[in-house]
Structures are given as structure tokens and as C-alpha cells.
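> Build the 3D model from these lines:
(2 chains)
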Amino acid sequence: MLSLVIFLPLAAAVVLAAAPGIAERAARWVWVGITLTDLALVVGMWVAFQPSGPGQLAFEEQLEWIPNVGSSYHIGLDGLSLPLVALTAVIFTACAIYELRQEDRPRAQAALFLFLQSTCLGLFAAQDLILFFVFFDLSIVGMYFVIAGWGHGNAARSALKFFLYTFLGSLALLLGFIGLFLAAEPHTFDMVELAAAAPLQDNPIAGNLIMAALVIGLAIKTPTFPFHTWLPPAHTDAPAAGSAVLAGVLLKMGTYGFVRITMPMMPDAWRDWAWVIIAVGIVSVLYGALVALAQTDLKRMIAYTSVNHMGYVVLAVGAAGVVSGSDAVARQVAVTGAVTQMVSHGLITAALFLLAGILRDRAGTYAMDAYGGLAKPAPKYAALFAVGAFASLGLPGFSGFIAEFQIFAGSIGPAPVVLLALPGILITAALFLRALQRLLTGETRGKSVGFADLRPTEMSSIAPLLLLAVVIGVFPRWLLDVIEPAAAVVVDLVGR
Amino acid sequence: MSGVLLWLLVGVPGVVGALLCMAGRRADRSAAAVSIGTAGLGVLLAVLVAVGRPSVMVPFMAGAPFSLSVDGLSAVVVPTVAVVTLLVLIFAAAEGTGPPARFHGLMLIFAGAVAVTATATSLPALLFAWEIMGAASYALIGFEWRKAAKVSGGLTAFLTTRVADLGLYAAAGAALAAGAGMDLAGLADVSGGWRHVIAAGILIAALGKAAQLPFSFWLSRAMEGPSPVSALLHSAAMVAMGGYLLLRAAPLLESTGWAGPLTAWIGVLTALVLGAVAVAQRDLKQLLAASTAAQLGFVVLAAGVGAIAGGTAHLVAHAATKALLFLAAGAWLTALGTKQLGALHGAARRWRVLGVAFAAGALALAGIPPLSLWLTKDSILASALDASPGLYAVGLVAAALSAAYAGKALIVLWQKNAPENNAAFDTEQQGTRHVGPWQNVPLVVLAIGSAGLGVLVIPPLITVLGNSLGGQNVHTPGAIELTVSAVIAIAVVILVSRFRLPEPAWALRWLGLEQLAARLIVAPTMFLARKLARFDDRVVDAAVTAGARKSLALAKLLARADDSLLDGAVDSSARAGLRTARISAAADRSLVDAAVESGAARVRKLGSLARLAQSGQVHHYYIQAVVILTAGAVLLIVVR
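Okay, here's the model as predicted:
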């Protein structure tokens, strides 16, 4: 079942790529059909999700792959990965719908996005480090072609920068994986076994070196300060759907790595590193928010708010590593908040990037000063943008509040220094309201004149993302019931 | 059953409001009717839950349920807010504030949020509704989004109150860290240092919402919104919730030792200073706004000295009074196109019902007996006198100032010689010269409330109220105190009618607090943001690019070395080989066999060399992979 979910898009991608007879128009509908089918399967899995116990995997599959290095095709879902798998399916579906009117090589684009979807789903389901790494690198390759092939502006350069920078990160990650492999006895790449064995518990020197490699690799992907500079150009020059996937799904691979790999597999080293991680988180929160505040280009601004939003995740997982003298309940709340934030940021930022893409589509620029009074010609656009902005600034009633409230409530106890990051919430509010004011309100002027309002395809791709953010924001239990037990397991493992 | 009613009370307005907003202009025609119907249902539900006192709870976040409950305090406040909401919506419908669907939708969302705020018993439920109120306030202040100043006003209001809201996030973290859970009632029992963090957080959040010092200036900007919004959000309900939260948290404040007195002093100083600000205002809505902050100062003072019953009564009576005055100001603004006091001379005589209702509210605000605020304020001041004579003295001066500003507005509006058409009219919008009967109805109801709600602090009601609130510090003002304050109020109003009041620039500009915040907080933040953005481009990103460029340079260097050294070596060895071959060819043919043999030996050696790389050691393979990948990356850069 899980393999089907992962490889169905890939199979469709192969068919689309190999069969030039398929009409370009049909390709777009095939793409939508496949993503909807995959989404339906994921919803089915969500309903059926019943792990046999804490720390156990559901939908587990294991096949022999490279036995001589202890690597197997091992996949499965728990409360950390299922929400991200679902997020992936949702965002790719939204992108497929959004691109229904796209005219530039739709068949190739559909194939590429379907390929990318498989790599993302595979990564979140992977329970083997080699498998994880393969999906990680393939996703980078896929995104490279998305930016280079369908981007605009300085796309080739941005794509290359994205590729080289994150590829460098993946090499650091591979180095760390090999370190874990060598430290484990018997040698294995199996993530479940590595988490159970925690192989570097009594080897602090090697543990810290390997942790350094892993943290750098994941921090580049997340991205945190100071490894974030690939993100703004990649977003600015990527196509709207590419940006949505990049921010909505690919960034989560970094933070997912923290909760999936570093925390459970290297608890000692994680506790040693906790204050570094917290510091990086706090700096990312404030730095990302402040730099975003100074931007005049909407897409760059949203890109920097990603640094801010992922910073919350980082500081929460860091705080969960401050074990001594803190309450386990608080740390669980922090980790739950971190995972919720990944889902929340995925939904909201994907919606915002799709909305930003419409600006360029209609008027050729992301420069906020070129617009004004958009609410008059494009009331639907204005409504969705306003909702997205409030969602992103963490207003209650949206998923961002559920995430950020838990992150702060859970982190302040273990690490009171987290209070320093609170102004991040405020600066984000300021920058989104300023952007909203510049774009939507006042007299209609500049590029806003004659701006066409949202088309049905755009509406039906963006509105569901925001609706989902509202549903999580008002009725969070169905999501938190899945995340909380898994967060408790992670906190237990870190506390070993 | 009664739990369901509570869910309906908070849920129905929110859902109906959201639907109205989403329907947009299609719902414009039915919006007012739907909205008034919903608000009417809200009043019914509010009364029912006030009688039934239900508690409900659903799991929300880990260790932090979403819990609501109606206790003695909310049983008084929830119906008050519901009634004021209904009256304001009736007025707005009569006045035609709109586009109606968006306006009434946002007002109903706000009404739902305020119901949650008033009944919340856990921090997440409180913060949830607290910030939605703020967002609704933002959207309603900037309701006429075409005018940039109005949207900026909303921005200032939202951001200022959100600064304070951060206190609630900190309080939630501290509550969880202390292991106390997120129940509001349990916070006073938290032991250790975290209790102080919680108290400070709640205090800051409440001061921000209640527009107390130093946050008061946002309320001035909030006056950009339509008058019904000012009436409901920026006096009767949202701003009042700041005072309400402090009343609710009074045991916690008291338990810390420092927070109670601090709260009381901030409250009484706000009453004093913002009273002076109100006296200096020339715009009716600005005067009322400053007076709102000042009057809530008395509520905050009540919370600080633990006078819960008096504070609650003042909150309720002030809600009726101030909603009335704001609606009246709105009626004149719509009819005459101005809210400048200078232009409103004698406006009260033109529409008598409106004028009389306004007079009732203004006299109550001035503290004239036997109207409500005279009694409720004195009930608070009586408790303050117990706590500290200093508080009482400052409070008394603040009370005199409220008589001054209320008297100022009253006298201007009832002055004789109102010209039929004044050149000063229509400076802010085009007036309709019309006040409809359905605008008057809510005003009359509110005037009755404003006049009579003082009964709440007269025995036996004060005892009933005090008991239902937990019986803390119930004070009935003594005859002497009541007489003193009445004499002061009447004397001040008479003086105001004779002499011109001073209007110092500092008070007219609301102490310059907004400019101060702009200079001390906003400007440095923007400066830092721009500097960091430049730093990000020129230093952080440049370092990465420089690193990449250095690698490229290194690669080029290596490539050159490859050409000149390695390739040269290969070439020369090939040449040497050719030469050897020629020599061998020239040499005896019988040596061929030997040459073949030696060639084979060389190949064998190469083979064993190649086997070295195939070590079976993963790290050897990794190094090779890195080398190949690096070469690939270099290739990619070079051939690009």
C-alpha cells in the first residue's frame, strides 16, 4: 500500500515521459488525476493508521536490497512521517490543479513533478538511511530541473546555486550516515535499528563529529541561518508551483531529519548540541523575520519568512534536548508543536507562493511597490491573500497558532532563553500586514489596474490549502492525536 | 443542555460571521437582518447561560484543553456585551454602515471571539479568542481600505496590542514549565519564580488591550474605524476585555505581592493622564477614546486593589455609557459630516432624542449623581482608599477630570445658536442631515442603562454581586465619599461651562506616545532590518559565492596542472613509448616475444593496482564517490 502511494506518481511520470503520443492537454489532467488518486490513498492510510504501539511503524514494508552493507528497502509510517506524507500529497495536488492552465511543456512538467512527488513521499516514508539519502538527492535533482527548466529571471544561476549548495549539504549528510553505519554494531543503515541501538552513546568524540556533519547537512536543507542564502534566489526565480513544493515540502526534509535521525539515533550528542541548536533557532527566527521585513520583493519576503518559520521548528527541537531540570510534558509539547509547524508552514507558505506567482503571471513583477489597491479589481485574490497573511503571522484560528503556541509553551520551560524569539511573532505580523497594505489597499494604481481576479483553477488550488489550515487551527485534535504519541517517543529517546 | 447553549453562544456568531464574509457582496441585502437575528439569539443565549452557569471543555492541545465556563463574573459581563452588540448592530444597520455583508460578518466574528474571551477558563482558549478580537479590530478599523490612513490605523492598533499579547505566550510557557497546567483559576497557586512570569505576562497583555499606559496611543488610531466599531470594540467590548482579564486574574496579581499595587497605580495614573488627554481633545471621538482609556483605568485600579464587584459594575456601566456616546458621535458624523467639537456646536438641539440620550451618557460619564458611573467609580475609590490614600487622592483628581471632559462635550453640543448650515460641516464626509428612528432606539436603551446601572453597587445588589464573584473586598462607598465626589463633579461641570479648558499640545497629541514608539522602536527595527538585509546579501551570501568562486579557481588551477603536468607526463611517456617501440622494431625481431611478455606483466600490475580501489571498505568507496562527485560538480561549473 505504502509503496503504491510512493511509486504511483513515479510510474505515471515514466509513462508520461516515455509516451510522446500523449497530448499535452491530456498530460495535465493525468497529472491531476494521479495526484488526486494518491491523495485519496493517503487519506485512506490516515483513516487506517493504527500503529501497534508507541514507536511502532504502520504500513511497514521491508525487502532485501543491499544486504552486504546492511541496507534494505525499508519503509513505514509513524506519527512524525504520516502528517508529512499527507502534506506532500496535498501540496502536489494543489500544484497540479494550479498548473492546469500552464502552456509551457506541460507533459514534461507533469512528469517531472510526479517524479519529484515520489522522491518526497519516499523520503518521508524511508526507514533506511541509504534509501533516505537516495530520495533526498533525487529530490534535489528534480527541483534543479524544475527551477532551471520552468523558472524565470536568472533561473539557471539560481538553480545551480540551489543544486550545489543543497548537494553539498547532502554530502555532509552522507558522511554522517556512514559514521552512524560504522558505529553501529552490527553495521546497519536501518533507521529503526539505529534508533534502538543509539550507537554512539559512549563515544562522545565521534558522536560530536558525526552530529556536526548531520546538523550542517540538515541545516542547509532547512535552511537555518547562516546556510539560508540559496533560498531567496531559488524561490524568486522558481515557477510558482516549484516554489510551493520547495517551501512546502522540500524544506521539511531538513527539520524532519532532526526529529527522525539526529534526535532518536544520537541522544547524547543531541543533548550536548541542544544549546547550539536553540541558538541557531532563535537567530533564524529573528534574523529571518527582520530581513524579510526589509524586502520589497514579495517572493523574497515570503522566502525569508520561511527562515523565520523553520527557525521556530529548530528552536523547539533544540529545547527538547534540554533534558535536565525540565518537564517531559513541556518537551513533548515542543516537539508536537515543531511537527505541527512543519505541516502548517507547508500549507500556508505553499498557498502564499502560489498567490505570489499569480502576481508575476498577471503583471510580470513581484515588486510590492508596483501594486496598490488590488482589492478593487481582484477581491477574491485580496481575500485569499489576506487570509494567507493572517494565517502565516500565526493568528489563532489557523494552524500556525496551534504550532507556534505549542512551540513557545513547550520550549520556554526547558530553555527560558527562547523568550528572546517571541518578538519574531511580532515582526512577522508587521511584515505581513505591511505587505497586505501595500498590495491590496489604498487607491488602485500601477500594475493593479486591470488585474484579473482569481481563475477557478487558481481558486480551487489555493483555497483548499488555507481551508485545511483553518480546520487544523480550529479542530487540531485529528492531527495532534497522530503526532503526540510519536513526539512522546522522540522525547523519551532523547532522554535516554 | 446548558453546555450546548454555551457552545452555541460562542459558535453561532463566529460561523454566521465567517459565512457572511465569505459570501461577500452577494449577501449584502440580507446581511443586516441575519446579523441582527444572530445578535438577538446571542442575547437570549447569553441570558440563558448566565442563569444556567454551564462549563464545557474539549481537548485542544496537549495539557491545554479548550475550556469555557460561565461564573459569577462572566454571568454579568457576557449578557452586557451581548446586549451592547445587538444595539450597536441595530444602529449600524439603520445607519447603513457597509458594505453590509463584510461589516456585519466581521462584527459577528468579533462577537463570537469576545464571548470566548469572557468565558475562557484556560490560557489557550483565552489567547485564541484574544488575538482574533485583535484581528477583527484590525479589519474593522481599516474597513474602508481605500483610505491608506485608516488601514495604517488598524496596523498600529494591531501591532501595539500584539506587542502586549506576547505576554500571554510567555505566561502560557511559564504555566507549562511550572507544571501547573493552563487553567486560569490554578495560576495563583503556582509556586516559585514562574508565577511572577505568568503574572507579568497577563498584566502586560491586559494593559495593552485595555489601552493603559504606555500602550494607550493605539486607541487614538483606532478611531479611524466606523463609529459602531468604536462603540463596540473600542469601548464596550474589546478594550473592556483588558480590564476584565485583570479582574479575573486579581487573585494571581495579589499573590505575587508586587503585581497588585503596580496594577492599581498604572490604572489610576492612566485614569489621570488620559483624563487630561481627553480634556484637551477637539475631536469628539478622540475625546471619547481618551476617556475610554481613562475609565478603564478605574477598572484596572479595581483589579489591582481586589475590588472585583466595584470593577465589574464600573465595566458594565461604562460599556453602556460609552457605547451610547460613540453611537451618538457616529450619528452626528453621518448626519453632519464632522466630529470636530468646534463644528458640532448645538448639534444636540437639532435632534432632541439623540441630544437627550447623549446628555444622559455625558452626565453619567461626568460622575453626576444619581447616575451609574458616579456610584461605581466611588465604589472602586472606596476600596482604593483602603489600600492607599495616595491611590484615592489621584483617583479623585482623575474623577474630576472625567467631569471636565464629559462636561466639555456636553456643553459644546448643547450650546445655543446652532446655525442651520455650518461651513464647518461635511469636512470629513458628506453628511446626510438625517438621524433615523432606528438609530435612536438603541441610544435610548443604552441611555437607560447608562443612567441606572449604578444600582449594581447599592445594597443589596452589591452584596449579591460580591458574593457571586467570590466575596472579595466588597465596598459600598460611604456617604461622605459619595458627597465629596458628587460636589466635585458638579462643581467641575459648572466651572467648565464658565471657563475655557486648557488644551496643552502634549495632551492634544496623546503625550506623543505614538511618535515615541515610532522613534524608539519602529525606526530602529526598520533600520536594523535594512542593515541585516544588506548584510545578508553582501556578507553571508557573498561568503558563499566567494567560497564557490575559490573552489572554481582551485579547480581551474588543478585543470591547468592536469594539462601541463599530468597530461604532459602522459604525452611524454607516450612519446617515449613510441620511441622505444621504434627502437624495439629496429631491434632484433627475436626480442618481440620478450616485449609481449613484459607488456603482459605491466597490464597485470595495473590490474592489481585497480584492485586496490576495490577494497570492500565503505569509506574508501565514499572518498572515491566524493572525488568523482566533486569532479562532476567542477565539470558542471566549467561546461555550463
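> So what does A:Gln295 have for phi and psi?
phi -80, psi 150 (degrees, to the nearest 10).
> what residues does the stretch 151-300 of chain A put near chain B?
Within the stretch 151-300 of chain A, the positions near chain B by Cβ under 8 Å from any Cβ of the partner chain are A:156, A:160-161, A:164-165, A:167, A:171, A:174-175, A:178, A:181-182, A:225-226, A:228-230, A:287, A:290-291, A:293-295. Backbone N, C-alpha and C define where each C-beta goes, glycine included.
> Which among those count as buried?
Using 16 or more other Cβ atoms under 10 Å in any protein chain shown as the burial test, those include A:160-161, A:164-165, A:167, A:171, A:174-175, A:178, A:181, A:225-226, A:228-230, A:287, A:290-291, A:293-295 as buried.
> Show only the entries of the residues of the stretch 151-300 of chain A next to chain B found in strands.
Within those, no residue falls in strands by DSSP state E.
> Kindly export stretch A:49-67 (C-alpha atoms) in CSV.
Once non-C-alpha atoms are left out, stretch A:49-67 reads as follows in CSV (Å, rounded to 0.1, in the frame of the first residue of the first chain):
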residue,chain,number,x,y,z
PHE,A,49,-3.4,4.5,10.6
GLN,A,50,-3.1,2.3,13.7
PRO,A,51,0.4,1.8,14.9
SER,A,52,0.7,-1.3,17.1
GLY,A,53,2.3,0.6,19.9
PRO,A,54,4.4,3.6,20.7
GLY,A,55,7.4,3.8,18.5
GLN,A,56,6.0,1.2,16.1
LEU,A,57,5.6,1.7,12.4
ALA,A,58,2.4,1.3,10.4
PHE,A,59,2.3,0.2,6.8
GLU,A,60,5.7,-1.2,7.3
GLU,A,61,7.4,-2.9,4.3
GLN,A,62,10.9,-4.4,4.1
LEU,A,63,12.7,-6.0,1.2
GLU,A,64,16.3,-7.1,0.8
TRP,A,65,18.2,-4.5,-1.2
ILE,A,66,22.0,-4.3,-0.4
PRO,A,67,22.4,-6.8,2.3
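> residues of it that come out buried?
Neighbour counts over stretch A:49-67 (16+ other Cβ under 10 Å) mark A:Phe49, A:Pro51, A:Gly55, A:Leu57, A:Ala58, A:Phe59, A:Glu60, A:Glu61 as buried.
> what does stretch A:13-26 give?
For stretch A:13-26, a neighbour-count test (16+ other Cβ under 10 Å) marks A:Ala13, A:Leu16, A:Ala17, A:Ile22 as buried.
> Quick check: the closest residue to chain B within the stretch 51-200 of chain A vs A:Leu194, distance?
The minimum distance from the stretch 51-200 of chain A to chain B, using Cβ to the nearest Cβ, falls at A:Ile178 (5.7 Å). The spacing between A:Ile178 and A:Leu194, counted by Cβ to Cβ, to the nearest Å, is 12 Å.
> Then B:Ile141?
Remark: distance between B:Ile141 and A:Leu194 (Cβ to Cβ) = 55 Å.
> for A:Thr255, same thing?
To A:Leu194, A:Thr255 is 19 Å away according to Cβ to Cβ.
> same check, this time on B:Ala120
Using Cβ to Cβ, B:Ala120 is found at 45 Å from A:Leu194.
> for A:Asp492, same thing?
Separation of A:Asp492 from A:Leu194 (Cβ to Cβ): 16 Å.
> More neighbours: which of those two?
Remark: of A:Asp492 and A:Leu194, A:Leu194 carries more neighbours, 25 against 16, as counted by other Cβ atoms under 10 Å in any protein chain shown.
> What lies in contact with the helix or strand harbouring that one?
Using DSSP states H and E, A:Leu194 maps to helix A:191-197. Helix A:191-197 has contacts (Cβ atoms under 8 Å, 6 or more residues apart in numbering or on different chains) with A:57, A:74, A:76, A:126-129, A:132, A:180, A:184-185, A:188, A:260-261, A:264-265, A:493.
> Give me the subset of these that lies in strands.
Of the positions in these, A:His74, A:Gly76 sit in strands, assigned by DSSP E.
> Restricted to buried residues, select the contacts of helix A:191-197 in ChimeraX.
Buried residues among the contacts of helix A:191-197 (16+ other Cβ under 10 Å), as a ChimeraX selection:
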select /A:57,74,76,126,127,128,129,132,180,184,188,260,261,264,265,493
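> Among the contacts of helix A:191-197, which ones are in helices?
Residues of the contacts of helix A:191-197 located in helices (DSSP state H): A:Leu129, A:Phe132, A:Leu180, A:Pro264, A:Met265, A:Leu493.
> Would you mind listing the buried residues in the helix or strand hosting B:Gly3?
Using DSSP H and E, B:Gly3 falls within helix B:2-23. Using 16+ other Cβ under 10 Å as the test for burial, helix B:2-23 gives B:5-6, B:8-10, B:12-14, B:16-18, B:20-21, B:23.
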